[in-house]
Structure formats: structure tokens, C-alpha cells
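Student: sequence below, structure please.
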Amino acid sequence: MAVNNKVKSTNDLELKDRLVAINRVTKVTKGGRTFSFAAIVVVGNEDGIVGWGLGKAGEVTAAISKGIEAAKKNLIKVPVYKGTIPHEQISKFGGAQVFIKPATHGTGVKAGGAMRAVLESVGVTDVLAKSKGSSNPHNLVKATIAALSELRDPAMVAQNRGISVEKVFKG
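Tutor: Below is the predicted model of the structure:
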């Protein structure tokens, strides 16, 4: 089931950016090697909104700023309940597979590298996460965003089933 949780406007949001990875790439021409940079950036307001972007440029700072602008264009809303996620979720992108699971208060963000940047940007303070397969930061970020976009809050589940929120937790 596809969930439409795109954020409409970024004007009133206070977004913080995190650099996940920067990669130097080389193009070989007859005149020699030409170096450029690719930066993957995650932005979020630490209150349920997150997005990612990829910027490519001849200089590092330009690549990062292009990544930030790209990230602001594809923001999603994530249900965060008491500092954690509502339920566990598995997602895959390319060779990277991620597993995220809610945790009790005080656990912290138990996640590595690229997943940690995404989870902290969305505002999750307590979560258990595991990445399997590829450790490619591009695919890890995309798989984590996909897992977060598939999360459903209890009110949405109750509305889809046509029952009250209390019955969601009993059944």
C-alpha cells in the first residue's frame, strides 16, 4: 500500500542539514584527469520531516549546497511517537537492506553511519537499527528513507480499518 506523505511547503520549516558522504570522482579525458565531487546530504527538522539529496559539482562546497537544495525538494513526513517509531519496518534499496525497530526511552539511536544521520534528522531519539548487505551510503540512505515512508501511525491504521484507536492496540 502506497502512503502519500510528501511535504507540501518548505518555507516555514527550520531544516538542519547533515553531510552523509562525499565522493571524489574522476573523468579521464585526452587532456588528463578531471576531478569532481558528489555529496549525499540529509535534511530534517528533527520533528518528523526528513529528505535526502545528491549534489555533484567541481568543488566540495558547491556539491554540498546542491545536495541541500535537492534534499529540500523531496521531503517526507514520518510518524514519530514519544521519540521512537510506531512499529518495526524492513526495507530494501539496491543491495542495501535495513531493519528498524522501536526502542524504549533512554536506548538512544543504535544505528551506524548513513542510517544514523537519517534517523537523527527525522527526530527519532530511541531506535534499534540494523543494516544488512551493501554498506553503500547512497543505497543505505534511500533504503532508510523508504522504510520511514512506509511507517503508519495508529490513527491512520484506525481510520483505514474503520475502528477506534483503542481497538487497534487491543487487536
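Student: need phi/psi at the residue nearest the centre of the chain.
Tutor: Taking Cα atoms, centre = their mean, the centroid of the chain lies closest to residue 145, which sits 3.6 Å from it. Phi and psi for residue 145, reported as degrees, to the nearest 10, are phi -60, psi -40.
Student: how about it: what's its closest non-neighbour residue?
Tutor: residue 52 (5.8 Å; Cβ to Cβ, 6 or more residues apart in numbering). C-beta here means a position set from N, CA and C on the backbone, and glycine is covered the same way.
Student: packing partners for the helix or strand hosting that neighbour?
Tutor: Using DSSP states H and E, residue 52 sits within strand 49-57. Counting contacts by 3 or more Cβ pairs under 8 Å, 6 or more residues apart in numbering; DSSP states H and E, strand 49-57 is packed against strand 32-44, helix 60-72, strand 75-77, helix 113-122, helix 137-149.
Student: kindly reformat these as a markdown table containing distance to residue 83 and mean pLDDT.
Tutor: Below are these laid out as a markdown table (distance: least, Cβ to Cβ, whole Å; pLDDT from 0 to 100):
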| stretch | distance to residue 83 | mean pLDDT |
| --- | --- | --- |
| strand 32-44 | 14 | 95 |
| helix 60-72 | 23 | 95 |
| strand 75-77 | 17 | 93 |
| helix 113-122 | 11 | 92 |
| helix 137-149 | 14 | 94 |
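Student: redo these as CSV? Include distance to residue 23.
Tutor: CSV is the format used below for those (distance: least, Cβ to Cβ, whole Å):
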stretch, distance to residue 23
strand 32-44, 5
helix 60-72, 9
strand 75-77, 23
helix 113-122, 13
helix 137-149, 9
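Student: what's the closest of those to residue 7?
Tutor: strand 75-77 (4.0 Å; Cβ to Cβ).
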